[in-house]
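> Fold the following for me, if possible:
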Amino acid sequence: MTDWRTGVYLDVASLLQTPQYPARLRDEIGLTTAVLSFAGTLPQEIAQQTPFAQSPPADGQIADLVLRHMEGQAVDAREFPLAAASAGPGVRASGDDAGFRKAVDRLKSEGLDVWLCGGSWTERRLMYCPSREATTVWFEAVCAHWASAYGVDGIDLTHARFPMGSFPLGLFGCTCESCALAADEMGYDMAEMIAALRSARTQLQRLDGRRLGEVVRMGLGFFDIIQALGVQPGLIAWLRFRAELIARGLQRFRAAAKSANPDIFFGSDTYPASMALTVGHDLGRWGEFADFASPLVSHISAFTCDTLTTWAKFLQAEIGDSLSAADALATIYRFTGYDGIGLPETYDGFGDAAELAYRVPVDDLVLRDLAKTRLYLPEGLPSFPIIHGTGWPRAAIDRIVSEARRLGHNGIIWQGTDELIA
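Got it, this is the predicted structure:
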């Protein structure tokens, strides 16, 4: 086994359709690891620990468990059908346990490591509140089962975060009673944090858009942002509190998995470093609850570019007509650290998601986050960036892989391989 790990995301259905695919990847691109999405079923003793009061859960029961906006409402009921089709947070109710076990055995017979890819708090826009004890106990039980029941080598937890940045309401939760109690336990003041969020928004709405654009073109810095938004300590505390909630939960999930199987390799994907704190990911703490990190830089549309355009439009809505689209985009690029790489100056410039990798400098975009990720992660913690091997220019893919090595990452996990094999 080489020191450079080469992984690929797989699912049982695809394996049934193309059973020769893993062996071909092993022989042609040096595949070492299959990251297999969980498609089994939970035994009764695990399933009965669900925080759902019934199966399938009613909408009201789902709403009681999910993230709540600082104004009190549950954030986004559009995802409730996904939750209703689940045995509990992050685990679908349907599945074929025997089929999943056969898939694991088949992959291991090809000489591959197998990591089980399992879900966590978020489902698209919906997030289960990370301070709810019943939800935490559920994930502890599920992670222990995953670690011990299938003979896998690792657990790669996904969606262990707050909702993605392109869904702005997720930035303002959770402020439920459970989170307020958790904040108090950890030394945070929920009322102070909410007041700071509201104050920053009020300050934002007072800015002159034309003058903001001029300052951005001159060069906007950290202290300018602090001053322009009148940033209060509660705003910084809000970001720290959310990251601590995520870290606290993941510490418990990992401990449960290790208790069931001390040899399990436990980790989680990480949000792009430039925006990681917006979803509760403090990369500097990753070694406290994970044996590895998988920087998830493949989703350049949903995670990165959609967030940039959504935030720019939010700025325009808050400040008014005095802020042009070009200046709004430039402000967000500067604020998030994506300036200077040639991103579009108009919203139309991004085009459709399917062609995005050919309209933006995808290699510069991804490598900016990979450089930051390696800087922030603890020294020595293995890092396996997740990138696309389908739908991206081959030259960009090759440059990303080469630079990932130089930056000190330890392998690549592929999402799709069409550009890699003949």
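
> Which secondary structure element is home to Q227?
Assessed by DSSP states H and E, Q227 sits inside helix 222-228.

> from the chain's centre, how far out does that helix sit?
27 Å (Cα atoms, centre = their mean, to the nearest Å).

> Over to stretch 9-24?
For stretch 9-24, the distance to the chain centre is 25 Å (Cα atoms, centre = their mean).

> Please export the C-alpha coordinates of it as PDB.
Only the C-alpha atoms of stretch 9-24 are listed here, as PDB (Å, rounded to 0.1, in the frame of the first residue of the first chain):
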ATOM      1  CA  TYR A   9     -16.900   7.400  -3.600                       C
ATOM      2  CA  LEU A  10     -19.000   4.400  -4.500                       C
ATOM      3  CA  ASP A  11     -22.600   3.200  -3.900                       C
ATOM      4  CA  VAL A  12     -24.000  -0.300  -3.900                       C
ATOM      5  CA  ALA A  13     -26.300   0.400  -6.800                       C
ATOM      6  CA  SER A  14     -23.400   1.400  -9.100                       C
ATOM      7  CA  LEU A  15     -21.300  -1.600  -8.000                       C
ATOM      8  CA  LEU A  16     -24.100  -3.900  -9.000                       C
ATOM      9  CA  GLN A  17     -24.200  -2.200 -12.500                       C
ATOM     10  CA  THR A  18     -20.400  -2.200 -13.000                       C
ATOM     11  CA  PRO A  19     -18.900  -4.700 -10.700                       C
ATOM     12  CA  GLN A  20     -15.500  -4.500 -12.500                       C
ATOM     13  CA  TYR A  21     -15.100  -0.800 -11.900                       C
ATOM     14  CA  PRO A  22     -13.200  -0.900  -8.600                       C
ATOM     15  CA  ALA A  23     -10.600  -3.400  -9.900                       C
ATOM     16  CA  ARG A  24     -10.200  -1.300 -13.000                       C
END
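
> which parts of it are buried?
Buried residues in stretch 9-24, counted by 16 or more other Cβ atoms under 10 Å: 9-10, 12, 15, 21-23. Bear in mind the C-beta positions are built from the backbone N, C-alpha and C, glycine included.

> And stretch 78-98, by the same measure?
79-80, 83-84, 86-93, 95.

> Just name the closest of those to L235, please.
Of all these, L235 sits closest to E79, with 27.5 Å by Cβ to Cβ.

> Make sure that closest one is indeed in a strand.
No: counting by DSSP: H, G, I helix; E, B strand; the rest coil, E79 falls outside a strand, being helix.

> which residue sits closest to it in space, ignoring its chain neighbours?
Excluding the flanking residues, the one nearest E79 by Cβ to Cβ, 6 or more residues apart in numbering is L126, at 3.5 Å.

> For that neighbour, give me phi and psi.
Main-chain torsions, L126, degrees, to the nearest 10: phi -80, psi 140.

> tally of neighbours for it?
24 (other Cβ atoms under 10 Å).

> Beta-bridge partners for it, please?
With DSSP bridges applied, L126 shows beta-bridge pairing to E123.

> re earlier: tell me which of the buried residues of stretch 9-24 fall in strands.
Of those, the ones assigned to strands by DSSP state E are 9-10.

> How far off centre is stretch 25-43?
Relative to its chain's centre, stretch 25-43 lies at 20 Å (Cα atoms, centre = their mean).
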